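>>> One predicted model, sequence on top.
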Amino acid sequence: MAYQIAKEIGAMATTLCGKLDAIILTGGVAYNKRITNWISEYVGFIAPIELVPGEDEMLALAQGALRVVEGKEIAKIYENEVKF
């Protein structure tokens, strides 16, 4: 998993021409020192590594629903199913 994360960070850094202020590792993976240290060894030369542990997905979903309920945002309704 750490290897794949490092590859993806490298790919994304390339699309930004290496102009990154920081690489931020979030979610549950940021709690795992072994994984974050390994990732840092491989991509730390690109930009400083910042850790923001925690799973905030449910909070983000709740905040989005609240914005719709309060009329601050319009709910997106996807009518057509995309076939692959």
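Structure received.

>>> How much space separates I24 from I74?
Remark: distance between I24 and I74 (CB to CB, to the nearest Å) = 29 Å. Using the backbone N, CA and C atoms, a C-beta is placed for each residue, glycine as well.

>>> With L59 instead?
L59 is 21 Å from I74, by CB to CB.

>>> what helix or strand does the residue nearest to the spatial centre of the chain sit in?
Nearest to the mean C-alpha position of the chain, counting by CA atoms, centre = their mean, stands T26 at 6.3 Å. For T26, the enclosing helix or strand under DSSP states H and E is strand 23-27.

>>> before we move on, what about I35?
Secondary structure (DSSP H and E) places I35 in helix 33-43.

>>> Could you tell me the angle between the helix or strand just after that helix and strand 23-27?
Once the chain leaves helix 33-43, the next helix or strand it forms, by DSSP H and E, is strand 49-53. Relative orientation of strand 49-53 and strand 23-27, computed by axes from the mean of the first three to the mean of the last three CA atoms, to 10 degrees: 20 degrees.

>>> pLDDT averaged over the helix or strand that strand 49-53 is followed by - what is it?
Moving toward the C-terminus from strand 49-53, the first helix or strand encountered (DSSP H and E) is helix 57-69. For helix 57-69, the mean pLDDT works out to 93.

>>> Residues touching helix 57-69, excluding its own?
Residues outside helix 57-69 that contact it (CB atoms under 8 Å, 6 or more residues apart in numbering): E73, I74, A75.

>>> For these, give me CSV that also has secondary structure, distance to R67 and neighbour count.
Output for the contacts of helix 57-69, formatted as CSV (DSSP: H, G, I helix; E, B strand; the rest coil; distance: CB to CB, whole Å; neighbours: other CB atoms under 10 Å):
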residue, secondary structure, distance to R67, neighbour count
E73, coil, 4, 12
I74, coil, 9, 8
A75, coil, 9, 9
